[in-house]
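> sequence unknown, structure follows:
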């Protein structure tokens with residue numbers, strides 16, 4: 001089994017949602033909790049589990065993921081940097 005096949009299998013095991021659907025559901029949930037998060041955690045990261053609506057905040061993406069996996073280890077999460085449109089910025093060199 002190739003690495004790509006393994007990744008696809010793991011993704012299917014963690015969520016029945018397509019990437020597009022995961023994006024839509026994650027962003028919809030973020031919109032619901034945005035005010036509270038931006039007031040208290042601007043610039044931090046939030047991992048959202050789209051099926052339950054649960055979310056986990058951390059100063060880094062790794063911290064948020066660690067917290068999320070401690071509670072829901074078998075789920076896929078949607079990452080957002082609180083107060084920003086994207087979690088990370090890519091630069092061309």
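Yes, it's here. Just so it is clear, the structure is predicted and the values come from calculations on it, not from any experiment.
> the bottom helix or strand of the chain by mean pLDDT?
Lowest mean confidence among the helices and strands of the chain (mean pLDDT, DSSP states H and E): helix 3-14, at a mean of 64.
> Could you report the separation of residue 55 from residue 2?
Distance from residue 55 to residue 2, counting by CB to CB, to the nearest Å: 33 Å. C-betas here are computed from N, CA, C, even on glycine.
> When the two are compared, which one has more neighbours?
Remark: of residue 55 and residue 2, residue 55 carries more neighbours, 22 against 7, as counted by other CB atoms under 10 Å.
> Beta-bridge partners for the more buried one, please?
residue 48 (DSSP bridges).
> so where's the longest helix in the protein?
The longest helix of the chain (DSSP state H) is helix 19-41.
> Pick out the residue nearest the middle of this structure.
With distances taken as CA atoms, centre = their mean, residue 78 lies nearest the centre of the chain, 2.0 Å away.
> what's the closest non-adjacent residue to that residue?
The spatially closest residue to residue 78, leaving aside those adjacent along the chain, is residue 26, at 2.7 Å (CB to CB, 6 or more residues apart in numbering).
> Now do the contacts for that neighbour.
48, 50, 78, 80 (CB atoms under 8 Å, 6 or more residues apart in numbering).
> and what of residue 48?
Residues counted as contacts of residue 48 (CB under 8 Å, 6+ apart) are 26, 29, 30, 54, 55, 77, 78, 79, 80.
> Parallel or antiparallel, list what pairs with the helix or strand that contains the last one.
In this case it means residue 80. For residue 80, the host element (DSSP states H and E) is strand 78-81. The strands beside strand 78-81 in its sheet (DSSP bridges) come out as strand 45-48 (antiparallel).
> do you know how far residue 27 is from residue 2?
Distance of residue 27 to residue 2, given as CB to CB: 31 Å.
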